[in-house]
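S.K.: Sequence below, structure please.
(one chain, ligands or ions: 1)
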Amino acid sequence: MMTHSPLSPLLSLCAFLSGLVLSMTPAISQPVYSERVMSLLRQMSLEEKAGQLNLQAGHDPDVDLQSRAPISSPLVEQAIREGKVGGVLNIAGAGNTRQLQLVATTQSRLKIPLLIGLDVVHGFRTIFPVPIGQAASFNLDLIGAAERVAAIEATASGINWTFAPVLDMARDPRWGRMVETAGESPWYTAAIARTRVQSLQGLHLSDPSSMLACAKHFVGNGATEGGREYTGANLSFRSMRDNELPPFEAAIGAGIGCIMPAFNAVDGVPGIVNKRMLSDVLRKELQFTGLVVTDHGAIAELPFHGVADNLVDASLAALTSGVDMDMASMGFGPFLPDAVRSGALNGDLLDQAVLRVLSVKERLGLLDDPFARHDQRREQMLLGHPDHLLLARQFAEESLVLLKNDHALLPFKRSARSIALIGPFGADQDHLMGPWEAAGIHRDVVSLREGMTRILPHITIRTVTTGYEDKADPKALAQAVAAARASDLIVLALGEKAMDSGEASSRANPGLPGQQLALLKAVARLGKPFAVVVIAGRPMIEPALYARSTAVVQAWFPGSQGGEAIARLLFGLSEPVGRLPVSIVRSIGQIPLTHDKRSTGRPSPGPPEAWASGYIDEATTPLYPFGYGLAYTQFNYSAPMIINADEADARTYRIKVTVKNTGERAGTTLVQLYTHQRLATIAQPEKQLRGFTRLYLNPGEQADAIISLNRDDLSYWSTDTNRQAAQGWIDLMTGPNAADTKTTALFVR
Ligand code: GLC
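M.R.: Reported below is the predicted structural model:
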């Protein structure tokens, strides 16, 4: 049994560092501010204090950021010179940012360095799979190594703050930002949160390769009504406790330095004025002492919510609710000084927010060396380093989920002479990086066609790029069918464009846009087997896609090396190890449907049953369950056995599952552990993911998987404020996915 895909030396170092950090991160420090920070505060005017709380674009209006040309920002520089700016966002480049830092530290009165933030969500220049694809790898080491590379590259370009990780729960594929999440399991999202925070912030925040991480969007951002972006969520406080808060608790426990409240309102209270969450929970209960920054323009949106009359009211409401920095509403500077003078605002609140900003700058090392992250030589050397590209390809490979593979169509035989590559994404370089491409460069993206050419230089590839248009194009359709008819192999590269995913991209019908379904059906009518590769930020809810295709690979947005990764999988140079971090429903009407749903008084296991919970026209099971994914071989799982069941006061239980590779190829399986508290004061979910481990087995090989179950993970919220320890019978279920499990029972005293 061997572990998977050994990393190259540099990447092993990244993985080691992120692992080392896992164990050494200091606990949250109390807000004791240094004399240097206190002294700065004492020197500041009210205007300069309000200026430190202002986060604005680092470039003047109408600048083409994709041009990568040097950016000059005279208007921004003047505002910095006047002490009106505490941080800038959406500018990158060691040179561009150095210029702004120079103005701040040599031409403003108090010479306070800038925070420089960007959405580095899944890579900076080297773009890794989107977070939902990263989650599909169920490989925390890879996630940590990729975040370390992202931090190394971004800080080399002057960035000292990323607005990531996204810790929203994603239970509705209509919501476009599922792409940025870790899926539907709060427990798994919390595990990923710890890894991301510690890899982004490094061992010490002052290290030039570390950057401030910012967990977002606090809290309940993904629970939007109807999956519509920015709409409100109706969540009970317990639901927040069970589902939405655990990832943020994990991030805070890991030492995260920043939190971003959500745009949306939960139970009618917008995130940035939710005092209960921002003060009672975040500051008092979770002891968070870091920085709270609004989302982009969120303060200016309060009048639209109907909870503030104008920008003055909104700015005061946000600051008094617990916000420290205002991203892009531009209300703090003009209004806070006068509010303090008039007594409308307690000056201590202003000072508290300024101290948090200055303290973060000090922890980043900016007060000692503001130029440590503006070294153009380092930038030149590190961005897009071959080792980073290798890691991105390996990560993309492990993000791919094989959903269907009838007649073992995949892996293709490498002896094939020709392949038809049909659909909008076969030769695409513009969408594989997904909606948050940071400093990724489209021309550097390896397309699927390029990936195929790299591994099979002599194969004939007939590319027909069509399908996304709104109107049918009979000529292109005929070309596609002719290419399929003439080729040994057929691959359809279908899905959604990068900007049809992500923020403000909710879709009422999250299926295949345009003419792609018609294209698929036309090829299917040939009667030849074909594989579909789905490029998207969410699963496509499209029954015919799965029913009519011979094989389906969910590739998400696989990143800048994605094309080669997909090609390697299709031709068997790598194997499918990805598993679903979200359930794939059969129809939109089933949404939300997740593995951790609760039972009912009339449980219905699947097909419609009279007088039972469910539908009369649809099953109550997903098409593909959470944790699902095929391999290129088959496995047999034993029932779980609790190795230390008799240890009455065990803090950790060790569960053993014996697995055998019963197929003809070596392969990897993800052994998953789910738990269910049978009897509780509050009905508990039927299944909750509580552990997983990988096994790589040769044909015929058998091995034991051991999964550790932390007893604390069995507790649950019995009231809004009481965490109930597990007691009584707990079902422990193990298997290759949430719907295919075997059970044993554990009695906890
Ligand atoms: C966006 C997003 C947020 C992002 C911010 C800055 O509106 O909601 O996640 O960090 O603006 O780009």
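
S.K.: Residue of the stretch 601-749 of the chain closest to the ligand, please.
M.R.: Phe626 (25.0 Å; C-beta to the nearest ligand atom). Every residue, glycine included, has its C-beta placed from N, CA and C.

S.K.: which residues does the nearest residue to Gly226 once chain neighbours are set aside contact?
M.R.: For Gly226, ignoring the flanking residues on the chain, the nearest one in space by C-beta to C-beta, 6 or more residues apart in numbering is Arg174 at 6.9 Å. With contact set as C-beta atoms under 8 Å, 6 or more residues apart in numbering, Arg174 has these partners: 226-228, 506-508, 510, 588, 591.

S.K.: Tell me, how many residues neighbour the residue in the stretch 301-450 of the chain that the ligand sits nearest to?
M.R.: Nearest residue of the stretch 301-450 of the chain to the ligand: Met327, at 6.5 Å (C-beta to the nearest ligand atom). Residues near Met327, counting by other C-beta atoms under 10 Å, number 22.

S.K.: And for Arg238?
M.R.: Count around Arg238 with other C-beta under 10 Å applied: 15.

S.K.: quick one: the residue of the stretch 301-450 of the chain closest to the ligand and Ala300 touch, right?
M.R.: No. Met327 is beyond contact range of Ala300, at 10.2 Å (criterion: C-beta atoms under 8 Å).

S.K.: tell me which element the closest residue to the ligand within the stretch 201-350 of the chain falls in.
M.R.: Taking C-beta to the nearest ligand atom, the ligand has its nearest neighbour within the stretch 201-350 of the chain at His296, 3.5 Å off. Using DSSP states H and E, His296 sits in no helix or strand.

S.K.: ok, the nearest residue to Arg598 once chain neighbours are set aside to Leu291 distance?
M.R.: Nearest non-adjacent residue to Arg598, counting by C-beta to C-beta, 6+ apart: Ala683, 5.1 Å away. Distance from Ala683 to Leu291, counting by C-beta to C-beta, to the nearest Å: 38 Å.

S.K.: how many other residues sit next to the nearest residue to Ala265 once chain neighbours are set aside?
M.R.: Ranked by C-beta to C-beta, 6+ apart and with sequence neighbours excluded, the top spatial neighbour of Ala265 is Gly232, at 4.3 Å. Neighbour count of Gly232, defined by other C-beta under 10 Å: 18.

S.K.: got the contact list for Gly232?
M.R.: Gly232 touches 224-225, 264-268, counting by C-beta under 8 Å, 6+ apart.

S.K.: go on, Phe395?
M.R.: 128-129, 134, 137, 142, 146, 559.

S.K.: Centre of the chain to the host helix or strand of it, how far?
M.R.: Using DSSP H and E, Phe395 sits within helix 386-399. Offset of helix 386-399 from its chain centre (C-alpha atoms, centre = their mean, to the nearest Å): 17 Å.

S.K.: pLDDT on that helix, on average?
M.R.: Regarding helix 386-399, the rounded mean pLDDT is 98.

S.K.: For it, buried residues please.
M.R.: 387-399 (16 or more other C-beta atoms under 10 Å).

S.K.: one step back: most neighbours, which of the contacts of Arg174?
M.R.: Pro510 (28 neighbours).

S.K.: There's contact between that residue and Arg538 in this structure, I believe.
M.R.: Yes. If you go by C-beta under 8 Å, Pro510 and Arg538 touch, sitting 5.9 Å apart.

S.K.: what is in contact with the two at once?
M.R.: 173, 496.

S.K.: Spell out which residues of the protein are next to the ligand.
M.R.: For the chain, the residues in contact with the ligand (C-beta under 6 Å from any ligand atom) are 119, 163, 216, 295-296, 503.
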